[in-house]
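>>> Predicted coordinates and the sequence they were generated for:
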Amino acid sequence: MKRFFSSVGLALAATLPLTSHAVALDAPLACNESGHQFIADLAQQQLIDPKPTRVESNSINAFSPTSGADLTAYGFRIFAVVGYEKDDPMFRVGDGEPLARSAYGVVVFGSQSKVQSAITAAGSTAIVHRVAPLITAIFCKRS
């Protein structure tokens, strides 16, 4: 009888929608990947829209998280994912000089000082850049 209820419970659980949980991108932001790998992995997991919503003049492509994706980096909520890889059809090219051969990262809600403290504490070599008050970019680049 106990086995029956366990089986029914598992079958019922398999039919229910999964509850949303935060996906932390701390590990990839240790800067050990290429821009292609970072963006392709997130697109394959359906965590970001695979088509960029914006392309900067320096060729950095901005991607939006998919509806329901709750992405974080070092405890900060991500609202944009960015990346570029030279000569990669996944990315559109801007009208200026590319930032790097390969670059990727995220834009989070958080002050530059708090984000920098979290990056430093984690031992990441990611670059922290203030975008606006309480909006900070975390990115990795390869020359």
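Arrived safely.
>>> wait, I39 sits on I60?
No: contact status for I39 versus I60: not in contact, 11.2 Å apart, counting by Cβ atoms under 8 Å. Heads up, the C-betas are built off the backbone N, CA and C, glycines and all.
>>> Pull the contacting residues for the closest residue to V108 other than its chain neighbours.
For V108, ignoring the flanking residues on the chain, the nearest one in space by Cβ to Cβ, 6 or more residues apart in numbering is F76 at 3.8 Å. Shown in contact with F76 (Cβ atoms under 8 Å, 6 or more residues apart in numbering): 108-110, 114-115, 118, 136.
>>> Closest one of these to A30?
A118 (12.8 Å; Cβ to Cβ).
>>> chain center to the helix or strand where R77 lies: distance?
With secondary structure defined by DSSP states H and E, R77 is part of strand 76-85. Relative to its chain's centre, strand 76-85 lies at 5 Å (Cα atoms, centre = their mean, to the nearest Å).
>>> list the buried ones in that strand?
Of the residues in strand 76-85, 76, 78, 80-85 count as buried by neighbour count, 16 or more other Cβ atoms under 10 Å.
>>> Just send the residues you listed back as JSON lines, with distance to V131 and pLDDT too.
Formatted as JSON lines, the buried residues of strand 76-85 follow (distance: Cβ to Cβ, whole Å; pLDDT from 0 to 100):
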{"residue": "F76", "distance to V131": "13", "pLDDT": "97"}
{"residue": "I78", "distance to V131": "13", "pLDDT": "97"}
{"residue": "A80", "distance to V131": "10", "pLDDT": "97"}
{"residue": "V81", "distance to V131": "14", "pLDDT": "98"}
{"residue": "V82", "distance to V131": "11", "pLDDT": "97"}
{"residue": "G83", "distance to V131": "16", "pLDDT": "97"}
{"residue": "Y84", "distance to V131": "17", "pLDDT": "97"}
{"residue": "E85", "distance to V131": "22", "pLDDT": "97"}
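>>> Tell me which two of the residues you listed sit farthest apart.
Put simply, by Cβ to Cβ the two of those set farthest apart are F76 and E85, 24.6 Å from each other.
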